[in-house]
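Student: need a 3D model of the sequence below.
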Amino acid sequence: MIKLTNLILRGFGQIMLQNNPYTGLLFLAGILYNSWLLALAAIAGCIISTATAYVLKFDIKDIEKGIYGFNGALTAIAIYYFFGFNILSTALLVVGSSLSSILQFQIKRIINPYTAPFILVTWILLFIVHYLFKQPLVSINSIAGDTSPILLTIGNSFGQVFLQENWISGTLIFIGILINSPKAALYALVSVLLSTVISKLVSLPDSQIYTGLIGYNAILCAIAFSDSKRMATLWIILSVFLSLFIFEFIGLLGVIPLTASFVITTWVEKFFMKKVKI
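Tutor: Presented below is the predicted three-dimensional model:
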């Protein structure tokens, strides 16, 4: 039971690239504060995706680091978030979480997957269930009480990584990052502020800014580049601009962006860094 708990919490931590069970516990607490149902879904998804990795005999070291848990957790959250709690969504949760582990393994052979398995599985399920079979989307979420716009924006941005539009949830998530890596937490915080300033300058809707939809991909990008040995600040600034552009472009296509702009931005910049040997 202790080992299973450790695996689950590390899986939650890895959602934001933090291999720390205490960080994962605060992430889970953030989800639980906003929605107990989504928290249960996340736990179930993490267990199923991790179990899939065990059954298929994927690398045990990666499993113990939570590498095969976090995409399953995100996929499970997304399924209940978009489709609600019912027999169909529960079946999709099992299938989707398992599939995320398989995709994680396959993509990892080529490139660091980050949250790509979660994105692909969720997009596929949204297309099949919503667009082909016309199943309406719902949103299981609750919003914390009013606060200042800047606190709302920062908190919601951290929360939106887990599909939680709740600034208190986001605050717990931020503290989780701070415990494991103060440097990553600082860069993440700055990235939210920078993305907010840019969004205001180009007149993006306040509804996107204050709900955290603009900032959450920038947060993930900042964390991904926070350990860069050279010019980390430059790469993070560039990633904020690029992720914002990609997020808006995907939205114009009529697709729910999820964390796609983070993944694409990070892949592009990491590829360039490798080519120029920076």
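Student: what helix or strand is Phe158 on?
Tutor: helix 149-160 (DSSP states H and E).
Student: kindly report the same for Gly66.
Tutor: Using DSSP H and E, no helix or strand contains Gly66.
Student: low-scoring stretches of this structure, by residue?
Tutor: 139-147, 277-278 (pLDDT under 70).
Student: my guess is Gln208 contacts Val202, does it?
Tutor: No. Assessed by Cβ atoms under 8 Å, Gln208 is found out of contact with Val202, at 11.3 Å. Every C-beta, even on glycine, is put in place using the N, C-alpha and C of the backbone.
Student: which one's more surrounded, the two?
Tutor: More neighbours surround Gln208 than the other of Gln208 and Val202, with 15 against 10 (other Cβ atoms under 10 Å).
Student: what's near enough to touch the more buried one?
Tutor: Gln208 makes contact with 199, 214, according to Cβ atoms under 8 Å, 6 or more residues apart in numbering.
Student: hmm, 10 Å instead?
Tutor: 199, 214-215, 247-248, 251 (Cβ atoms under 10 Å, 6 or more residues apart in numbering).
Student: and for Ala232?
Tutor: Per Cβ under 10 Å, 6+ apart, neighbours of Ala232: 183, 187, 222, 225-226.
Student: now Ala39
Tutor: 12, 28-33, 73, 77, 162, 164.
Student: list the buried residues for the helix or strand encompassing it?
Tutor: Ala39 is located in helix 36-55, with elements delineated by DSSP H and E. Buried residues in helix 36-55, counted by 16 or more other Cβ atoms under 10 Å: 37-39, 41-53.
Student: same question, stretch 87-101
Tutor: Counting neighbours by 16+ other Cβ under 10 Å, stretch 87-101 gives 89-90, 92-94, 96-101 as buried.
Student: on that earlier part again, redo the contacts of Ala39 as CSV? Include distance to Phe174 and secondary structure.
Tutor: Shown next, in CSV, are the contacts of Ala39 (distance: Cβ to Cβ, whole Å; DSSP: H, G, I helix; E, B strand; the rest coil):
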residue, distance to Phe174, secondary structure
Phe12, 14, helix
Leu28, 14, helix
Ala29, 12, helix
Gly30, 9, helix
Ile31, 14, helix
Leu32, 16, helix
Tyr33, 13, helix
Ala73, 18, helix
Ile77, 18, helix
Phe162, 12, coil
Gln164, 12, coil
